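Q: Just a sequence and a predicted model for now, questions to come.
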Amino acid sequence: MADSKFYQTSEKLTLDQIAKLCKLKLPMNVDKKRIFIDIFSLDTADKNHVSFLDNNNYIDKFKSSNAGACFFRKGFLKFAPKKMVPLVTDDPYHLFAIIANAFYPPKKITSGLHPRAHIESTLKFDKTVQIGPGTVISGNVQIGHNTQIGANTVILSGVTIGKNNYIGPNCTIGYSNLGSNVKIHNGVRIGQDGFGFAMDRSGHLKIPQLGRVLISDNVEIGANTTIDRGTGPDTIISEGTKIDNLVQIAHNVKIGKNCIIVAQTGIAGSTTIGNNVIIGGQVGITGHLIIGDNVKIAAKSGIMKNIDNNKTVGGIPAVEIRDWHKQTVIIRKLVKKRFNEK
Amino acid sequence: MADSKFYQTSEKLTLDQIAKLCKLKLPMNVDKKRIFIDIFSLDTADKNHVSFLDNNNYIDKFKSSNAGACFFRKGFLKFAPKKMVPLVTDDPYHLFAIIANAFYPPKKITSGLHPRAHIESTLKFDKTVQIGPGTVISGNVQIGHNTQIGANTVILSGVTIGKNNYIGPNCTIGYSNLGSNVKIHNGVRIGQDGFGFAMDRSGHLKIPQLGRVLISDNVEIGANTTIDRGTGPDTIISEGTKIDNLVQIAHNVKIGKNCIIVAQTGIAGSTTIGNNVIIGGQVGITGHLIIGDNVKIAAKSGIMKNIDNNKTVGGIPAVEIRDWHKQTVIIRKLVKKRFNEK
Amino acid sequence: MADSKFYQTSEKLTLDQIAKLCKLKLPMNVDKKRIFIDIFSLDTADKNHVSFLDNNNYIDKFKSSNAGACFFRKGFLKFAPKKMVPLVTDDPYHLFAIIANAFYPPKKITSGLHPRAHIESTLKFDKTVQIGPGTVISGNVQIGHNTQIGANTVILSGVTIGKNNYIGPNCTIGYSNLGSNVKIHNGVRIGQDGFGFAMDRSGHLKIPQLGRVLISDNVEIGANTTIDRGTGPDTIISEGTKIDNLVQIAHNVKIGKNCIIVAQTGIAGSTTIGNNVIIGGQVGITGHLIIGDNVKIAAKSGIMKNIDNNKTVGGIPAVEIRDWHKQTVIIRKLVKKRFNEK
């Protein structure tokens, strides 16, 4: 599957190992020692590969697939090719993700501080830390075990970075504390001072920005995303939240656990987002709002009011999702009616 | 208020100093030599702190605040706690900003050219200039007194930078002249050639981009914002204008004085924006338009026509703000009516 | 036209050279050896300059222009000033672009690997390659003839870069193959792993991203744009496509030939875009869609369904452009009617 110029060869896994990793029971009549060497999509897999079916749209590709083993839901068993080992589960994509990570484990990093890095910090990092060429680490920075910091990234003074972090090249991080297993992609900007002014036509007066950015464990932040530090309170990203590319998070925003925030979304200052919130791409959320737990927001929505727990909303300004669809239907009907009347 | 890992301890100010900075008259019965040590929000301040009330929503916090002194408007005097020194003003947030800057004056920069900077410019900078490690200054670049340029930033040849500027790490600046007191945050891109093509299905032909970017005094530009240089005319950002993160400003755009442009807004080529214009987040403005002075544009609006001075607009395409609100109301009413009829 | 601090003096061209470059027949009575020294707009050109008229709005400036020669369409001949050499063509802007490139040919690059670049690649580059200070080239990177890579850019291991490319400063490029004549502006991020998770409230599980980014000849990519690598299939940008600043292109997206994608547009994962597609600014396109050839999408549209070849669409969700305009008209009429009735 993967170009060997960029990726290591995939691991080999026996059917038994796959079953154990996924906590699945295998059918009786299979060879548990059978070896699989890679993951592939349904139409490109051969007998040595594992695949998955998660979507009715791919049922035809499933029926004719040569995949040696495949994760799918019980109801599809009757369509499974005879030679395919069925890996029946309620959550095929999740189990596929587990196996994909086993075939392609994270590369071991080459540890060490590159001689062309510039390190001012007097704090000691252990030998597992990797810091790339051109990287600048200012004074009083702490970096945890097994963390990797890419080339030409700049870490400003006082920043604390946990263990097992990956920070890509060309990032800038200041005024921040980062937990463990945090992944920060190329070009991310964290901790610059936010957009706070006492507005005045004779000259807007900057408010000193005196807070920090606090990022918890298992957070991922996409390329060229910007996260401003708080004004006094902190900007907070809680555990397990995943943020896509080119997202803007303003000062004092608080984001709960396990949220998903898709690309080019912007969240204005002092807004609080609950846990397990899913925000589509290019959404805009006004400042000083409270968005409840488990809320879902359709792509391109404009949020101007608080949203209660468990709501799904869409539109500009956003309404409950079924009302947004009704708005769309009504406007289209009006166009048909009025313009035909003439 | 501020984490000492990142911030210097705040200054101390007497009540008398505060009054003088704000040009306020103190009440008769107060101790003018009383010392204040920091700024805090209403609910976290104690007797040694200064706070402010700018918004009716916080009236309950105000009533029970322990802040030693507080800026607020006359009408709130009757709700002020007895122990609080009242700092009565028509513009509490502006005065709070003045005091906040006095408690937290800008850090003195450590001047000097870092030995790991690469400086090709033959022009001399005075001793107050600070240039970080990994920073690249190309030929013929001028840098004014007391200006600071962050690590790994790249300044291309011919650029002129005024005095007291702050340019963050990881920026790229070319084909530009910058005034004084300009603040440019991490990852900003200024002066790359704009998106100008003679379009043709057999291959779009690039138009040479021969202009510059001219940035006046007291401009602030947010992280990862992009400003293209002009095609022949220049791209111009006038005095006092503040631009947030991830904003796109295309070639030949001219922006007036003291504008506020919130995050993720995009302004297409050759559009002219007046003075004191306020543009919300994620606004899009078509090319070749003229936006008048004092215009306000609601977040997420799409501007497809010129806008006269002093108008407030919203929507896609944008209309006067009250018409936009009416559109929203009518569509919601239609949904209620039609779907209930069925 | 151009500030000599930033640009070389323009070349000199005779009328005859101009005619040959443009494959135009000159009028009989002109001096073919007459020399032109620069390009200017209609209102600023003098007798030594070439200009163009492409738009009825500028007809008054055309009538009073002092330009020595001017490209325009046949129908305008009657309005041309007497002293102007008429360069009559059906495509004045395209011919102007040809001449502009002749007056301002690309600067010859100063070749060589800068001593402050850090080059790990064991592959040999020829002497025409230019690599700036602070640039990091990882192992096994190939770079073609006459390619220029700006300061502080990071090229990750295995990347192949064709000939005559320009890669600006402060970029990050990994897991990619680039064709020839590719232009990548400041701060672009290519090849980071995409936003793919098996979502789960107990913790979203990352899917390994095992594909590449493949960029064909003559592609241009604007400042701070982000292009994620594929999950297994590749992310593909085909020949001649031009992408503006701050655009987001997710994993597995395939973009056809000669497309134009304006700033701040986002294309979600696995969507396929045809050839000659024009996408306005701030457009959002959902994942797994198919957008046909020659489609045009109005700025700020939200695309939620496949679009057939040759359609022009607009709105959120997008409809055919004339229906979108009708929607706008109807809503405005409703506002007038209902609010006047009251």
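A: Perfect, I can see it now. Numbering: from 1, shown residues only, chains lettered A, B, ... in the order given.
Q: Pull up the residues of the stretch 151-300 of chain A that are close to chain C.
A: A:151-152, A:168-170, A:185-187, A:218, A:220, A:222-224, A:240, A:242, A:244-246, A:258, A:260, A:262-264, A:276, A:278, A:281-282, A:299-300 (CB under 8 Å from any CB of the partner chain). In this view, the C-beta of every residue, glycine as well, is placed from N, C-alpha and C.
Q: Filter those down to the buried ones and hand me the PyMOL line.
A: For the buried members of these, the matching PyMOL selection, counting by 16 or more other CB atoms under 10 Å in any protein chain shown, is:
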select buried, chain A and resi 151+152+168+169+170+185+186+187+218+220+222+223+224+240+242+244+245+246+258+260+262+263+264+276+278+281+282+299+300
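Q: from the residues of the stretch 151-300 of chain A next to chain C, which ones fall inside strands?
A: A:220, A:242, A:260, A:278 (DSSP state E).
Q: ok, so of the residues you listed, who is nearest chain B?
A: A:E220 (17.8 Å; CB to the nearest CB).
Q: how close does A:N55 get to chain C?
A: Distance of A:N55 to chain C, given as CB to the nearest CB, to the nearest Å: 9 Å.
Q: ok, now A:I35?
A: Going from A:I35 to chain C by CB to the nearest CB gives 19 Å.
Q: wait, isn't that residue in contact with A:Q17?
A: No - with contact defined as CB atoms under 8 Å, A:I35 and A:Q17 do not form a contacting pair (9.3 Å).
Q: Listing request: residues of chain A with sub-threshold pLDDT.
A: Scanning chain A for pLDDT under 70 picks out A:1, A:340-342.
Q: what's near enough to touch A:I321?
A: Contacts for A:I321 (CB atoms under 8 Å, 6 or more residues apart in numbering or on different chains) come out as A:296, A:298, A:312-314.
Q: Cross-check the contact I'm expecting between A:I261 and A:D244.
A: Yes - with contact defined as CB under 8 Å, A:I261 counts as touching A:D244 (6.3 Å).
Q: neighbour count winner among A:I35 and A:Q17?
A: A:Q17 (17 against 12; other CB atoms under 10 Å in any protein chain shown).
Q: where does that one fall, helix, sheet strand or coil?
A: helix (DSSP: H, G, I helix; E, B strand; the rest coil).
Q: cool, and A:H94?
A: Assignment for A:H94 (three-state DSSP): helix.
Q: Next, count neighbours for it.
A: By other CB under 10 Å, 19 other residues sit near A:H94.
Q: before we move on, what about the one 3 residues further on?
A: Neighbouring residues of A:A97 were enumerated by other CB under 10 Å; the total is 23.
Q: Then A:N181?
A: Neighbour tally, A:N181, other CB under 10 Å: 20.
Q: before we move on, what about A:N140?
A: With other CB under 10 Å as criterion, A:N140 counts 16.
Q: same deal with A:R201?
A: Every residue meeting other CB under 10 Å relative to A:R201 is counted, giving 11.
Q: Report the beta-bridge partners for the spatially most central residue of chain A.
A: Compute the mean C-alpha point of chain A, and by CA atoms, centre = their mean the closest residue is A:K242, 3.3 Å away. Legend: beta-bridge partners of A:K242 under DSSP bridges are A:E220, A:I260.
Q: Is it in contact with A:K257, as I believe?
A: No - applying CB under 8 Å, one finds A:K242 not in contact with A:K257, separated by 11.0 Å.
Q: Quick one: name the residues of the stretch 51-200 of chain A near chain B.
A: A:118, A:134, A:136, A:140, A:152, A:154, A:156-158, A:170-172, A:174-175, A:187, A:189, A:192-193, A:195, A:197-200.
Q: and what of the stretch 201-342 of chain A?
A: A:201-208, A:210-212, A:224, A:226, A:228, A:232-233, A:246, A:248, A:250, A:264, A:266, A:268, A:282, A:284, A:286, A:302, A:316-317, A:319, A:323, A:326-327, A:330-331, A:334.
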